[in-house]
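Enquirer: Need a 3D model of the sequence below.
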Amino acid sequence: MNESPKVSIIIPFYNCAYVNQAIESALNQTYTNIEVIVVDDGSTMHKQLILPYLSQVKYVYKKNGGTATALNRGIGLATGELIAWLSSDDLFLPKKIAKQVSYMKRTGADLVYSNFSLIDENNVVFRESVGTRLKTTIAFLNHLRNSCPINGSTVMVKKEIFKKAGLFNPKLKYTQDYDMWIRIAKHARIKSMDDETLLYYRKHGKMGSELYSGEQMIEIETLKNRYKSVIDELIVEEQKRSIIE
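Expert: From the prediction side, this is the model:
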């Protein structure tokens, strides 16, 4: 990794009233070697919120296809060595990128994720430190068997990993992140950072996980069945590696 690697921050956007705040939080990072890529996934509302930032971000419009397709477009446009994903209704804390770059360089991790806190429609924190912190690879893989332990907006990952794991699955509307972390686990060193919150995750009535929770649960069960043997094999390999070390 370069001494000060470039970080591409990808913001998928679809009719989100908070997108300007997300862009602001990305542009206001203390780490300066960044590019911000806003992928408009066929929005019909709130596009005016992006206009003040067009000179500071890369903006691309595409036909609506879902979050996975927007992320994939952003990865294709990214020129950074590292990729960060920021949902358009969430907020990065100012030192998020700087701290994750430092942590990746120090640990040699290929993907890192952090803790996060919950905010409401008015940016008021109502629950702190709600992330799942898993200290060992075995603990992470065991958790992965049943649910997704990673909030996608807390992630930083080496772009080169997508060459091995592939891009996000556009057939998955709600669990493209869960699917991706399982596939990346086969090729990458995944590390949970310390307990510090680096993201504010917004809970509001129009978020997809609230509106489509039933469909989301169906996708989760499908992924658990699809990858059960894969995760079991990864656990066995990690147990063998731990014994040798």
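
Enquirer: Quickly note the distance from the closest residue to Pro5 other than its chain neighbours to Cys148.
Expert: Nearest non-adjacent residue to Pro5, counting by C-beta to C-beta, 6 or more residues apart in numbering: Glu81, 4.0 Å away. The way it works is simple: take the backbone N, C-alpha and C, and place the C-beta from them, glycine included. The spacing between Glu81 and Cys148, counted by C-beta to C-beta, to the nearest Å, is 25 Å.

Enquirer: what do you get for Thr44?
Expert: From Thr44 to Cys148 the distance is 29 Å (C-beta to C-beta).

Enquirer: who has more neighbours, these two?
Expert: For the pair Thr44 and Cys148, the greater number of neighbours falls to Cys148 (18 against 8), based on other C-beta atoms under 10 Å.

Enquirer: Which residue, neighbours along the chain excluded, lies closest to that one?
Expert: Of all residues not flanking Cys148 in the chain, Tyr178 sits nearest, at 3.8 Å (C-beta to C-beta, 6+ apart).

Enquirer: Pull the contacting residues for that neighbour.
Expert: 147-148, 220, 223 (C-beta atoms under 8 Å, 6 or more residues apart in numbering).

Enquirer: Now, of these, which are buried?
Expert: Listed as buried from these are 148, 220, 223; burial here means 16 or more other C-beta atoms under 10 Å.

Enquirer: now, which of those lie within helices?
Expert: 220, 223 (DSSP state H).

Enquirer: picking that back up, burial count for the residue nearest to Pro5?
Expert: 17.
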